[in-house]
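K.L.:
next input, structure requested:
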Amino acid sequence: MRVLLVEDDVQVGQSLFRALKDAHYTVDWIRDGKAARLALESTSYAAVLLDLGLPDIGGIDLLNALRGAGNAVPVLILSECDDLDARVSSLDVGADDCLLKPVDLRELLARLRAVLRRRAGYATSRIGDESLSLDLEMRTLHRNGIATALSAREFALMHSFLERPGTILSRSQLEDRIYGWGREVGSNAVDVLIHSMRKRFGQSLIRNVRGLGWTVARARGTEAA
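P.N.:
Residues are numbered from 1 along each chain as shown. Predicted coordinates:
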């Protein structure tokens, strides 16, 4: 699952980058607002961790522009000081949550899981339905009552599908969600990953839609979010 970290403090950024990587997120780390704006215009992220005190474009200004452009990606604000007005402003502009620095890494990861599940329309860490679901905390896939641990890329793949069951995702959309910058992505990387998941969980897990991409079917009787 790919997230964008916007943090200009090197020491803080390194700590957050390592924590996110250890939690099996794919992380793009950017240190200024202009580069973050360009990244958000060109890349699809599962979530954004945004420092308010950036050296060029203010975090609230960046968030305001993001929401003004219609981008609904979940945003967690990182605030260096106990500035109530700044936190209130960020929430009113469109932030999903706020954390004060120094950030407790366990709390950060828990809050990140919370905004991801809320975006998918679920109240708990499990997204999906009774027959097929993904546990965002344990990083396990549950199919017909059996839980199986997933690798980071397998987890990112299934989160992409189960966040919006029934949505058809193209190869480029899946590559965008699974792989970060600086990684060479083979032309058949997505095919290999999907083949591996089908081998483990059955051909019916992920359905090919000829000429368009792949999808995980919505459970019968489930309405679109």
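
K.L.:
make it CA atoms for all contacts and neighbour counts henceforth
P.N.:
Fine.

K.L.:
and the residue nearest the centre of the protein?
P.N.:
Ala46 (2.2 Å; Cα atoms, centre = their mean).

K.L.:
from what I see, that one and Met1 are in contact.
P.N.:
Yes - Ala46 sits in contact with Met1 when judged by Cα atoms under 8 Å, with a separation of 6.5 Å.

K.L.:
what's in contact with the helix of greatest length in the chain?
P.N.:
Using DSSP state H, we find that the single longest helix of the chain is helix 105-119. Residues outside helix 105-119 that contact it (Cα atoms under 8 Å, 6 or more residues apart in numbering): 16, 19-20, 46-47, 74, 76, 96-97, 99, 123-127, 136-137, 163.

K.L.:
ok so, going back, what's near enough to touch the residue nearest to the centre of the chain?
P.N.:
Contacts of Ala46 by Cα under 8 Å, 6+ apart are Met1, Arg2, Val3, Val73, Pro74, Leu116, Arg177.

K.L.:
I'd say Leu150 and Thr140 touch.
P.N.:
Yes - Leu150 is in contact with Thr140 according to Cα under 8 Å; the separation is 5.7 Å.

K.L.:
of those two, which one has the most company?
P.N.:
Under the neighbour definition other Cα atoms under 10 Å, Leu150 and Thr140 were set side by side, and Thr140 has more, 20 against 17.

K.L.:
check what pLDDT that one gets.
P.N.:
You'll see Thr140 listed with a pLDDT of 94.

K.L.:
from memory Glu7 sits against Pro55, does it?
P.N.:
No - in this structure, Glu7 is not within contact of Pro55 by Cα under 8 Å, at 9.8 Å.

K.L.:
mutual contacts of those two, please.
P.N.:
In contact with both Glu7 and Pro55: Asp32, using Cα under 8 Å, 6+ apart.

K.L.:
which one's more surrounded, those two?
P.N.:
Counted by other Cα under 10 Å, Glu7 and Pro55 do not tie: Glu7 has more neighbours, with 27 against 13.
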